[in-house]
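In: Just need the structure, nothing else, for what follows:
(2 chains)
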Amino acid sequence: DVKVTQSSRYLVKRTGEKVFLECVQDMDHENMFWYRQDPGLGLRLIYFSYDVKMKEKGDIPEGYSVSREKKERFSLILESASTNQTSMYLCASSQGDRGLTGELFFGEGSRLTVL
Amino acid sequence: AQRVTQPEKLLSVFKGAPVELKCNYSYSGSPELFWYVQYSRQRLQLLLRHISRESIKGFTADLNKGETSFHLKKPFAQEEDSAMYYCALSNFGNEKLTFGTGTRLTIIP
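Out: Numbers count the residues shown, from 1 in each chain, chains lettered A, B, ... in the order given. Here you go, the predicted model:
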């Protein structure tokens, strides 16, 4: 079974703090994604990566950055957290262009509260 | 720009009754459509994709390019179907997905 692990399930941070959300997948997937999930807004793509050291902006990248130094790890960084970044953050991975297009494997989520 | 619309935020259906969750999309290319589901306290997971033309847990979905719709249907709802359902779209061959806002389905015993 594919396993996507998000290191922190619940975080509480203060406005202005730097926040790191870590995600690790154990199936040698090429693609990794960060989404945020908000009631009434669904899932919105923040950043994604198709390869190590490669990143592309999603639909809502403002206020976020990412890092992918190793294939299995994709980190989301909030340089200066703000209250409007309070949300559930979902990491996902997928196999790449090998015929299984579209199946994303998700982590359990990291619920971030910014006070 | 691609967009996925799920017009119902909440849907309640009696057990044994038919279920239809609506999904409409706008995209000018060759779309791939998916349904993802999130059961209580579980991860979001793929339910089905249109290219597979499969039935999963009794659910089916047909891509209607004329109406740009991909509605999810099940003839007889079961209590375990209660969950959050997301419709999603990607460009064929591209694994970047655009999700709808989701529909919370509640099956009434």
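
In: What's the separation between residue A:72 and residue B:51?
Out: Residue A:72 is 28 Å from residue B:51, where distance means CB to CB, to the nearest Å. C-beta: built from backbone N, CA, C; applies to glycine.

In: So which of those two has more stuff around it?
Out: The neighbour count for residue A:72 versus residue B:51, taken as other CB atoms under 10 Å in any protein chain shown, is higher for residue A:72 (17 against 13).

In: which bits of chain A sit near chain B?
Out: Residues of chain A lying near chain B by CB under 8 Å from any CB of the partner chain: A:4, A:31, A:33, A:35, A:40-45, A:48, A:58-59, A:90, A:92, A:94, A:96-97, A:101-109.

In: how about a cut-off of 7 Å?
Out: For chain A, the contact set with chain B under CB under 7 Å from any CB of the partner chain comprises A:31, A:40-43, A:45, A:48, A:90, A:94, A:97, A:101-104, A:106-108.

In: Among these, name the ones in strands.
Out: Among the residues of chain A next to chain B, the members falling in strands (DSSP state E) are A:31, A:42, A:43, A:45, A:48, A:90, A:94, A:106.

In: Would you state the strands of chain B in chain order?
Out: B:3-5, B:10-14, B:19-21, B:24-26, B:31-38, B:45-49, B:60-61, B:72-74, B:83-91, B:98-99, B:103-108.

In: ugh, wrong one, chain A
Out: Using DSSP E, strands in chain A cover A:4-6, A:10-13, A:19-21, A:23-25, A:31-38, A:42-49, A:56-57, A:65-70, A:73-78, A:87-94, A:105-106, A:110-114.
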